[in-house]
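Undergrad: Mind looking at a prediction? Sequence and model below.
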Amino acid sequence: AQKITQTQPGMFVQEKEAVTLDCTYDTSDQSYGLFWYKQPSSGEMIFLIYQGSYDEQNATEGRYSLNFQKARKSANLVISASQLGDSAMYFCAMREGERNNNDMRFGAGTRLTVKP
Amino acid sequence: SQTIHQWPATLVQPVGSPLSLECTVEGTSNPNLYWYRQAAGRGLQLLFYSVGIGQISSEVPQNLSASRPQDRQFILSSKKLLLSDSGFYLCAKTAGRYTEAFFGQGTRLTVV
């Protein structure tokens, strides 16, 4: 079964505007971690932000914030004041904390294009 | 240091040839190590992960195998490559249960 779902294959946003990238997840664990990564055309994976399942506040890192809605099992990434350099693939990922194997699962990704 | 060394960066191999991709990591001891494959324009598929020396878990049946001969070394191998093995291979590590994964620069494999 798919653990991480990203329903937006591609998104466009105007420079300087905010954009929300959707992510829903599926787990029966009470303890888990959610991650967002950026992958520019170079292929490197850049860690952006982390949200723990027990964190009461939404995570923020500079222009990135995570809209965590636990009951809905969603962890959407919000990028404020988009820049041209934000154009990239974005991946949502999850690690389930109650399993011993600690594997990290990724969604299919969303390709964000920032228009000047 | 969370550096991950992955080589080569690009590789072109004929169908039926063997494969060996090596990944070595720096930093904390006993990391969890992962091999992912990414088809062009697609997401990351988890192939193997390892929680310790000699401990390998496989996620999908395929003609690839992985080994972890040392704490900080993770090797992806194949005896006979298929066209469908083409893709971008990423090695990653995590140092703790809720820490982010650090990735190598990847190997772009083209099987011809």
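TA: Thanks, I have it.
Undergrad: ranges for the strands of chain B?
TA: Counting by DSSP state E, chain B has strands at residues B:4-7, B:10-13, B:19-25, B:32-38, B:44-52, B:55-58, B:64-70, B:73-78, B:87-94, B:102-103, B:107-111.
Undergrad: wait, does the fifth one make contact with chain A?
TA: Yes. Contact between strand B:44-52 and chain A is present through B:44, B:46, B:49, B:51 (criterion: Cβ under 8 Å from any Cβ of the partner chain). Using the backbone N, CA and C atoms, a C-beta is placed for each residue, glycine as well.
Undergrad: Report pLDDT for residue B:2.
TA: pLDDT for residue B:2: 69.
Undergrad: same thing with residue A:97?
TA: The predicted local confidence for residue A:97 is 69.
Undergrad: what sits against residue B:76?
TA: Residues near residue B:76 by Cβ atoms under 8 Å, 6 or more residues apart in numbering or on different chains: B:19, B:20, B:21, B:23, B:35, B:47, B:48, B:64, B:65, B:66, B:89, B:91.
Undergrad: Compare these and tell me which has the most neighbours.
TA: For the contacts of residue B:76, the largest number of neighbours (other Cβ atoms under 10 Å in any protein chain shown) sits with residue B:91, at 27 neighbours.
Undergrad: in the sheet, who's paired with that residue?
TA: residue B:35 (DSSP bridges).
Undergrad: ok, it - contacts?
TA: B:4, B:6, B:21, B:23, B:25, B:33-36, B:74, B:76, B:103-104.
Undergrad: Spell out which residues of chain A are next to chain B.
TA: Counting by Cβ under 8 Å from any Cβ, chain A sits next to chain B at A:6, A:33, A:35, A:43-45, A:47, A:50, A:52, A:91, A:93, A:95, A:97, A:100-109, A:111.
Undergrad: out of these, which are buried?
TA: A:6, A:33, A:35, A:43, A:45, A:47, A:50, A:91, A:93, A:95, A:97, A:102-109 (16 or more other Cβ atoms under 10 Å in any protein chain shown).
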